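S.K.: generate coordinates for the sequence data below:
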Amino acid sequence: MSRIAIATKDPFFAQICADITIRLGIELAKIAVFQYSNQETSVTIGESVRDEDVFILQTGCGEINDNLMELLIMINACKTASARRITAVMPNFPYARQDKKDKSRAPITAKLMANMLQTAGCNHVITMDLHASQIQGFFNVPVDNLYAEPSVLKYIRENVDYGNAVIVSPDAGGAKRAAALADQLDLNFALIHKERQRANEVSRMVLVGDVAGKVAILVDDMADTCGTLVKAAETLTTHGAVSVIAIVTHGILSGKACERIMDSRLTNVICTNTVPHDDKKIICPKLDTIDISPTLAESIRRLHNGESVSYLFTHVPL
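M.R.: Numbers count the residues shown, from 1 in each chain. A predicted model of the protein is given here:
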């Protein structure tokens, strides 16, 4: 098996990387990342990567721009060190929400991200639940967009009494995702239509569907400031929902998100650890975690061995 490099200063993401390497039976490569006094990033690779299949894991959270520069510099360092193939493993793809020109003079930053990764020398990308699947088309190299749905289904079946539940999408964009979950669990589906006056601020919500007397399971791909989830939970309880559970893939939880969750009508908020949040669980007991390191580890193993990755779209590795 090839080497895995880790490019992050986040100790919680380092733990996820350690779990991946233990599952694969290999060691993390020796990497030193530090900043000069003028904030320039420097990367030193402490072992040979010549003709190796290198996987670089990086989190898209925290000091996102510093982490991104670390990733790009490390990819380029491996390229110039004659690595055979370089794969960027980015569970939460940064700038994924800026995937289209939705107003005059707006940048398409997700496309810029793709260009920078390829220019640095990236040969393959592994990510999870892209905000818009079309982002894969921004790349001229293969992109494996894994899905959290199998892990979410497993969590619901093992930890939620879903006999009297309804799956709810907090916006029209996530309707397909929520409908797929509802079909797998043989549950009804509801939709919330939201109107925004400005970014990260929801002005009005309208519920389409029946949630009276049921457990509402909110499903979304991303929770940033949690304004949408909190307002959706209020709308659902107003319409008679017994309780509201939110399940999201990327729990970014920026700003006052934890305070909002604690003060809201949400019973629990379950996030995968694509974005590390162990520190936030200390101040927000409503948070719970779905571990996706087995899925990432299996995708790396399959890619290295030239096996199909599509199995992971519908199954959780044993």
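S.K.: what about stretch 49-64, distance to the chain center?
M.R.: 15 Å (Cα atoms, centre = their mean, to the nearest Å).
S.K.: now do stretch 83-93, average pLDDT.
M.R.: For stretch 83-93, mean pLDDT rounds to 94.
S.K.: how about it: buried residues?
M.R.: By 16 or more other Cβ atoms under 10 Å, the buried positions in stretch 83-93 come out as 83, 85-93. Quick note: C-beta positions are derived from backbone N, CA and C, even for glycine.
S.K.: and those residues, which two are the farthest apart?
M.R.: Greatest spatial distance among the buried residues of stretch 83-93 (Cβ to Cβ): 83 and 92, at 23.9 Å.
S.K.: and residue 269, backbone torsions?
M.R.: phi -130, psi 120 (degrees, to the nearest 10).
S.K.: ok, it - contacts?
M.R.: The contact partners of residue 269, by Cβ atoms under 8 Å, 6 or more residues apart in numbering, come to 223, 226, 229, 245-248, 251, 261, 284, 286-288.
S.K.: in contact with residue 285, which residues?
M.R.: Taking Cβ under 8 Å, 6+ apart, one finds residue 262 in contact with residue 285.
S.K.: tell me the strands in the stretch 101-250 of the chain, going along the chain?
M.R.: 124-128, 143-146, 165-169, 188-198, 201-208, 215-223, 243-251 (DSSP state E, counting those that start in this stretch).
S.K.: those strands: which one's closest to residue 49?
M.R.: Of all the strands of the stretch 101-250 of the chain, strand 124-128 comes closest under Cβ to Cβ, at 15.1 Å.
S.K.: may I ask you to name the longest helix in the protein?
M.R.: The longest helix of the chain (DSSP state H) is helix 64-80.
S.K.: check which helices and strands the next helix or strand along the chain from it is in contact with.
M.R.: Following helix 64-80 in sequence order, the next helix or strand is strand 85-90 (DSSP states H and E). Judged by 3 or more Cβ pairs under 8 Å, 6 or more residues apart in numbering; DSSP states H and E, strand 85-90 is in contact with strand 53-57, helix 64-80, strand 124-128, helix 293-305.
S.K.: give me phi/psi at the nearest residue to residue 32 once chain neighbours are set aside?
M.R.: Nearest non-adjacent residue to residue 32, counting by Cβ to Cβ, 6 or more residues apart in numbering: residue 44, 4.2 Å away. Per-residue torsions, residue 44: phi -130, psi 130 (degrees, to the nearest 10).
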